[in-house]
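A.B. asks: Dropping a prediction and its sequence here:
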Protein chains: 2
Amino acid sequence: VANRTQRRPQLAAADSRRLEAALAQTRSVTMRRMLQLLPDKEPRRYLYDLVPAYPSRSGKGLRPALCIATCRAFGGSLNDVLDTAVAIELFHNAFLIHDDVEDGSESRRGLPTLSAEHGLPIAVNVGDAMNVLSIRPLMQNLRRLGSRVTWAVFEEIEHMVRQSVEGQALELGWVRDNLCDEVDEAGYLRMTLKKTCFYTCIHPCRLGALVACGVGTDLDRFNRYGYYMGAAFQIQDDLLNLVGDMSRYGKEIGGDIAEGKRTLMLIHLLGACPRGTRARLREFLGTPRPLRTVADVRWVFEQMQRHGSIEHARSTARVLAGAALREFGVVYGGLPASPDRDFLRDVILYMIERDL
Amino acid sequence: VANRTQRRPQLAAADSRRLEAALAQTRSVTMRRMLQLLPDKEPRRYLYDLVPAYPSRSGKGLRPALCIATCRAFGGSLNDVLDTAVAIELFHNAFLIHDDVEDGSESRRGLPTLSAEHGLPIAVNVGDAMNVLSIRPLMQNLRRLGSRVTWAVFEEIEHMVRQSVEGQALELGWVRDNLCDEVDEAGYLRMTLKKTCFYTCIHPCRLGALVACGVGTDLDRFNRYGYYMGAAFQIQDDLLNLVGDMSRYGKEIGGDIAEGKRTLMLIHLLGACPRGTRARLREFLGTPRPLRTVADVRWVFEQMQRHGSIEHARSTARVLAGAALREFGVVYGGLPASPDRDFLRDVILYMIERDL
């Protein structure tokens, strides 16, 4: 394994440190601005005190970082794009809160989920609050960016959120109806495009360029870069759920298997395993969730190892990262060298090398 | 009882029929426009097919009706205000879906809740989708209303939604932490202002006038009219939950007691009953919800009857409706007579006389 690791493109230790420093820096700027924008009023205990809970759990801050770096790489300024980045981060955390409720998850970023800590009703409502709070920074744009760009930003955000709920609907529906044959790798990638790539990569980059270059600039050029990178990110996320270190990754290890989530590994396993294993797997997936045992989950994991599903997912993520690197050249290659441009290149490998 | 009914102001049968016809008419126009605006695409089964579920369950359509009637009473047109009314109705239904999830409710408008029928995860996500779908009609306003009014509409909606999640946070928090002494009638009315009045009455009227008269018109004049009427509406809603006809009202009768919801009746009872009853009531409210029995709920209801809590709520609703009628005179009194003006007067008594 160590030998194979050497052969594939990998972030040098120095690049990795620089990238993490850049993430930490934009995360802290974004967080500070978000806290400034929060209403300083009642109800605190049941609402506004809980809004910063997820964002302050040292998330990676990938989305604001992509947005800010793209804006600056195209000649825009941090101040022009900051409120848009804050809106994306608020939306992302609202999405996480509702996602945890929908998945019945117990932990997030190493601590109990909002629902586990404060009860499902209050968690759902805090998620709703974060969605409406994300409108405020977008309205703040008006004075600084003028009405044309502000409107265009709204249109981007509307598309971004709509794609996310569409992707989420697919993922939840597949689990609820226990679809097996109907979901293949292409379907998985389409779902991931909607659920993850648009709001994690594509729109953050589009929005950064929109703020930097104004209405009329070609935003579609970011779609492939963002799609490849976002899909690699999602696959790595699903891998960490299986093989990660809970103290780093912060969620229940194997939780996705227990949920029956249609990950690339599960889809691969359904196609690659012999008939008898497949029948047992379908039976597991048809069992009501509370009746699934830890031993069942471990068995599914072992089958994934045995039939190469985990290695398949890793190699798919690597291929996607390679494609994203090529697209990086197309989209950002002609720009002058800068720390932001370096970030937008290095973040691709970070997506598949990160352990949290 | 029949005698007392005669003495208080009451809608004549003809006025009542006219009002219901007006509601049915705006409801159907709003519904048609909403369906036009829905994306005609996948995922249908897990998302877009479910979006019209609540709106098409013959809700009353009060909010679009107030918005449209106010706009027309001030000289505006249906076409100018329709998309704003649709946005309010979408937001309202998103709020209902999440409210049903938060309260663990089983039925809504005579049918299973979305969560009971399609599972909690999909219900939460459909609610999220309806929130983002409500942005589209607001963006449609731009061409027809120009950017100043469109922006002002956005600001109104942002305030409306924020107030609603704040009110919801209070109500959910009071139940979760089992607050008894801390919640009095004034607190109840403040919570109701936030949770109900802003989005049910105040902002629909403000938005109707904004579209009709443009930026700069005094919108605060609708605040008292909307607050009094909205609070009367909420108290009537809580009364119907206790004494309504399930086949008309469409929710579980007594569900609010089982949930421990801080209604005006419960707050009154806590203050009005003798010490022993109060102790037993607090014990009931401290019992985890699944352990509360039907017999307990019936006992609480009987205490409410015995100690005049139900009559107190009825008379409070009447006083509020009377105050709303006076405010009607202030706000709409100077306008030329019209069916819309009549509607905005008669709807006040409808709020406390309706049985669904």
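C.D. replies: Structure's in. What do you need? Numbers count the residues shown, from 1 in each chain, chains lettered A, B, ... in the order given.

A.B. asks: A:V297 contacts A:E259, correct?
C.D. replies: No. If you go by Cβ atoms under 8 Å, A:V297 and A:E259 don't touch, sitting 9.9 Å apart. Glycine gets a C-beta too; all of them are placed from N, C-alpha and C.

A.B. asks: Is the longest helix along chain A positioned near chain B?
C.D. replies: For chain A, the helix with the greatest residue count under DSSP state H is helix A:135-176. Yes. Counting by Cβ under 8 Å from any Cβ of the partner chain, chain B has neighbours in helix A:135-176: A:135-136, A:139, A:142, A:147, A:151, A:154-155, A:158, A:161-162, A:165-166, A:168-170, A:172-173, A:175-176.

A.B. asks: State the pLDDT value of the residue of chain A most remote from its centre.
C.D. replies: When distances are taken from the C-alpha mean of chain A, A:G276 lies farthest, 35.0 Å away, according to Cα atoms, centre = their mean. On the pLDDT scale, A:G276 is placed at 97.

A.B. asks: Check the gap between it and A:V175 for me.
C.D. replies: Between A:G276 and A:V175 the computed distance is 24 Å (Cβ to Cβ, to the nearest Å).

A.B. asks: go on, A:I122?
C.D. replies: Taking Cβ to Cβ, one finds A:I122 at 25 Å from A:V175.

A.B. asks: ok, those two, which is more surrounded?
C.D. replies: Ranked by neighbour count (other Cβ atoms under 10 Å in any protein chain shown), A:I122 and A:V175 place A:I122 first, with 23 against 20.

A.B. asks: and the stretch 1-150 of chain A, which residues reach chain B?
C.D. replies: So the stretch 1-150 of chain A meets chain B at A:39, A:42-43, A:45-47, A:98, A:101-103, A:118-122, A:124-129, A:131-133, A:135-136, A:139, A:142, A:147 (Cβ under 8 Å from any Cβ).

A.B. asks: which helices and strands does the longest helix of chain A pack with?
C.D. replies: helix A:13-37, helix A:78-103, helix A:185-192, helix A:203-213, helix B:120-133, helix B:135-176 (3 or more Cβ pairs under 8 Å, 6 or more residues apart in numbering or on different chains; DSSP states H and E).

A.B. asks: Quick one: residues contacting A:L207.
C.D. replies: Contacts for A:L207 (Cβ atoms under 8 Å, 6 or more residues apart in numbering or on different chains) come out as A:C67, A:T70, A:C71, A:V81, A:T84, A:I88, A:V153, A:E156, A:I157.

A.B. asks: what does A:P112 give?
C.D. replies: When the contact criterion is Cβ under 8 Å, 6+ apart, the partners of A:P112 are A:E106.

A.B. asks: For it, give me phi and psi.
C.D. replies: phi -60, psi 150 (degrees, to the nearest 10).

A.B. asks: so where's the stretch 51-200 of chain A shaky on pLDDT?
C.D. replies: A:58 (pLDDT under 70).

A.B. asks: what number of residues lie near the closest residue in space to A:E353 that isn't next to it in sequence?
C.D. replies: Among residues not flanking A:E353 along the chain, A:L11 sits closest, at 6.0 Å (Cβ to Cβ, 6 or more residues apart in numbering or on different chains). For A:L11, the tally of surrounding residues (other Cβ under 10 Å) stands at 19.
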